[in-house]
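J.: I need the structure of the sequence given here:
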Amino acid sequence: MQHGFEESLTSPNFRFIGGVALGTEGGIPVDVLSRYYDGIIFAYGAAKSRKLGIPGEELQGIYPSGDFVGWYNGLPSHRHHRFNLQGENAVIIGHGNVALDVARILLTPPSVLAKTDITNFALEKLEQSRVKNVYVVGRRGVLQASFTVKELRELTNIPNVMFDTTLPDDLPDPKKLPRIQQRIVQLLKKAPFTPEQLGKTCKIEFLLSPIQFNGSQKHVESVIFQKQRLLDPLNPASKIEATGESIEMNADMVFTSIGYTALPLHGMSRLGPGIDLVRGIIPNVNGHVHTTATKDFGYVTRDAAMTESVPGVYVSGWVKTGPTGVIATTMYSAFETGDTLVTDWNEGKQFLQPTAEVKGWDGFKSEVTSRGSIPVEWSGWKNIESEEFRRGEAVGKEREKIVDVQEMMDFVST
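T.: Numbers count the residues shown, from 1 in each chain. All right, here's what the predicted structure looks like:
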């Protein structure tokens with residue numbers, strides 16, 4: 001943890017509170033916050049994986065990538081998920097950073113992963129994995145892929161993995177491309193290469209769109225892809241069309257990584273004029289939440305409707321932008337939201353109007369405790385963290401995450 005960040009959490013102007021269920025089924029509706037606070041920033045990300053909506057998607061062995069990532073990262077809500085890694089062929093559908101992360105975890109030797117903070121239960125499962133071939137398949141081309149240079153470089157540098165890809169013949173000179181696409185093409189052009197000791201293979205496939213999953217015994221066995229062509233090959237935003245040809249790819253398991261969408265929280269629609277999620281994000285302008293207003297002229301489409309700002313309500317992260325970018329991208333998005341909030345306050349714009357007699361955490365705490373929640377403040381989280389560090393040191397890693405919430409609570413007051 002960066003020293004400056006830790007200092008900020010102990011300052012009188014910032015308070016960390018964990019262990020409070022907000023906006024969830026059975027939790028505290030988020031509009032209750034408006035009784036105690038002048039402003040709210042939603043920064044809860046995009047948690048729901050999108051569906052492909054094609055035949056066979058209900059077969060066993062087809063997993064949302066977000067579930068797999070949550071599992072090996074030790075999210076308490078994902079610790080009981082199960083993944084069958086006993087087949088040789090894994091197909092990952094999608095060309096984003098999450099897709100490459102899944103491929104990296106499947107291909108990286110467990111001895112390397114053991115030095116990270118990956119959970120022990122995930123490591124044990126990966127040690128038993130029989131995956132040998134990983135295919136990362138996307139429906140668009142090289143220049144349109146949404147993964148970043150850093151993620152691609154990490155994937156191509158895994159020891160004992162043969163990395164391969166088929167590039168189109170008409171790719172332009174990399175020097176004529178934008179910087180990011182230039183570096184991606186340069187990395188991909190180094191393939192194929194074979195390490196001294198071949199253990200596993202990884203191949204990135206382009207211009208293939210899934211149209212059907214096939215299987216028997218209720219388990220996936222293959223994926224049928226339709227070949228695509230780019231209408232404007234050199235345009236990073238080029239549209240695609242089907243060629244009419246299809247191929248079948250063997251698959252003992254499939255990870256779908258086609259994006260995420262944010263879910264509404266209980267009580268959200270009662271804030272201000274009402275907040276609604278559009279296209280999986282909370283509509284906003286530079287982080288200040290806006291809502292669609294149709295009350296003055298009846299029903300119209302969203303694109304034609306007027307919008308108005310919601311006083312004192314802001315948004316940051318993937319629930320603001322959609323699932324795009326890396327940590328640095330999200331940081332800059334957060335800075336923008338912070339700047340917007342401060343500017344609005346300094347300009348005297350309208351914020352929420354808290355009505356509680358005791359405002360802030362001192363007032364809201366009564367709502368929390370009356371509903372049976374046990375709030376965890378910063379000192380409690382530091383106790384949990386210390387125990388994770390202690391467990392990690394015992395097994396030669398940075399930390400061993402505690403993935404059971406009740407077990408975490410046992411260390412809060414120690």
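J.: any weak-confidence spans in the stretch 201-350 of the chain?
T.: Residue ranges of the stretch 201-350 of the chain with pLDDT under 70: 273-274, 292-307, 325-326.
J.: the helices in it, which residues?
T.: Counting by DSSP state H, counting those that start in this stretch, the stretch 201-350 of the chain has helices at residues 318-321, 327-346.
J.: Just the buried residues of stretch 73-85, please?
T.: Residues 73-75, 78-79, 83, 85 are the ones in stretch 73-85 that count as buried (16 or more other CB atoms under 10 Å). C-beta: built from backbone N, CA, C; applies to glycine.
J.: Quick check: next helix or strand after the helix or strand encompassing Ala103?
T.: Taking DSSP states H and E as the criterion, Ala103 maps to helix 97-107. Proceeding N to C from helix 97-107, the next assigned helix or strand is helix 110-113, under DSSP H and E.
J.: Could you grab the helix/strand/coil label for Gln181?
T.: helix (DSSP: H, G, I helix; E, B strand; the rest coil).
J.: Model confidence at it, what's the number?
T.: With respect to pLDDT, Gln181 has a value of 82.
J.: Roughly how far does it sit from Ile158?
T.: Applying CB to CB, to the nearest Å, the value for Gln181 to Ile158 is 23 Å.
J.: Ser366 now?
T.: Taken as CB to CB, the span from Ser366 to Ile158 is 52 Å.
J.: So between the two, which is more surrounded?
T.: Between Ser366 and Ile158, Ile158 has the larger neighbour count (other CB atoms under 10 Å), namely 19 against 12.
J.: who's in contact with Tyr344?
T.: Heads up, residue 344 is Asp, not Tyr. Asp344 makes contact with 288, 351, according to CB atoms under 8 Å, 6 or more residues apart in numbering.
J.: Mind jotting down where the helices sit in the stretch 51-200 of the chain?
T.: 65-72, 97-107, 110-113, 120-127, 149-156, 179-189.
J.: mind saving the C-alpha coords of the fifth one as PDB?
T.: The C-alpha atoms that make up helix 149-156 are tabulated as PDB, following Å, rounded to 0.1, in the frame of the first residue of the first chain:
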ATOM      1  CA  VAL A 149       0.000  -3.800 -24.800                       C
ATOM      2  CA  LYS A 150       1.000  -4.600 -21.200                       C
ATOM      3  CA  GLU A 151      -1.500  -7.500 -20.900                       C
ATOM      4  CA  LEU A 152      -0.400  -8.900 -24.300                       C
ATOM      5  CA  ARG A 153       3.300  -8.700 -23.400                       C
ATOM      6  CA  GLU A 154       2.700 -10.600 -20.200                       C
ATOM      7  CA  LEU A 155       0.900 -13.300 -22.100                       C
ATOM      8  CA  THR A 156       3.700 -13.700 -24.600                       C
END
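J.: Tell me which other helices or strands it touches.
T.: Helix 149-156 sits against helix 97-107, helix 179-189, with contacts defined as 3 or more CB pairs under 8 Å, 6 or more residues apart in numbering; DSSP states H and E.
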